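In: Sharing a model that was predicted from the sequence below.
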Amino acid sequence: MKIQVTADLLDGLVLALLNREDYYGYALTQEMQKAISISESTMYPVLRRLKKEGYLTTYDQPFQGRNRRYYQITSDGEQHLEQVYKMWTDYKESLDQVFIPDKEHDLTHKNDIEA
């Protein structure tokens, strides 16, 4: 079973990686695949959209006779990353309340079962 990744979360993951360092597309896809299942055919439209929205910029660097297009986060991208991260932490905390019961609830429920 796979949990679906929303567009907002996908944007956040891309921006988080680019906040650490600049990547060219293939390397960024490889890095993303360490966390989620994503293909290059999915990644490039995301990168184009993020660039169009002003969250990324690009530059080319020569590599073995070809140019590699690198993606770099912008200040608007950093602000958007902060918003997505806040949404993610709020969402995670609400899910953790369900998935990770507190000790008091655990003991109460356990006593109900034993009675």
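Out: Nice, thanks for sending it over.

In: Check the residue most central in space within the chain and give its pLDDT.
Out: For the chain, the residue nearest the mean C-alpha position is residue 13 (1.7 Å; CA atoms, centre = their mean). Among the per-residue scores, residue 13 shows a pLDDT of 96.

In: ok, now the one 5 residues further on?
Out: At residue 18 the predicted local confidence, pLDDT, stands at 98.

In: now swap in residue 104 and tell me
Out: For residue 104, the model assigns a pLDDT of 57.

In: in stretch 88-97, what's buried?
Out: residue 88 (16 or more other CB atoms under 10 Å). All C-beta spots, glycine's among them, are computed from the backbone N, C-alpha and C.

In: Doesn't the residue nearest to the centre of the chain belong to a strand?
Out: No. Using DSSP: H, G, I helix; E, B strand; the rest coil, the secondary structure at residue 13 is helix, not a strand.

In: Quick check: which ranges of this protein have low pLDDT?
Out: For the chain, applying pLDDT under 70 flags the ranges 1, 103-115.

In: got the contact list for the helix or strand hosting residue 28?
Out: Of the helices and strands defined by DSSP states H and E, residue 28 is found in helix 25-32. With contact meaning CB atoms under 8 Å, 6 or more residues apart in numbering, helix 25-32 is reached by 13-14, 17-18, 23, 38-40, 43-44, 47, 69, 71.

In: From residue 24, how far out is the closest residue to residue 17 other than its chain neighbours?
Out: In space, and not counting its chain neighbours, residue 17 is closest to residue 31: 5.5 Å by CB to CB, 6 or more residues apart in numbering. Residue 31 sits 11 Å away from residue 24, going by CB to CB, to the nearest Å.

In: Helix, strand, or coil at residue 69?
Out: Of the three states, residue 69 takes strand under three-state DSSP.

In: neighbours around the nearest residue to residue 73 once chain neighbours are set aside, how many?
Out: Counting by CB to CB, 6+ apart, residue 18 is the residue found nearest to residue 73 once chain neighbours are left out, at 4.2 Å. The number of residues packed near residue 18 is 24, by other CB atoms under 10 Å.
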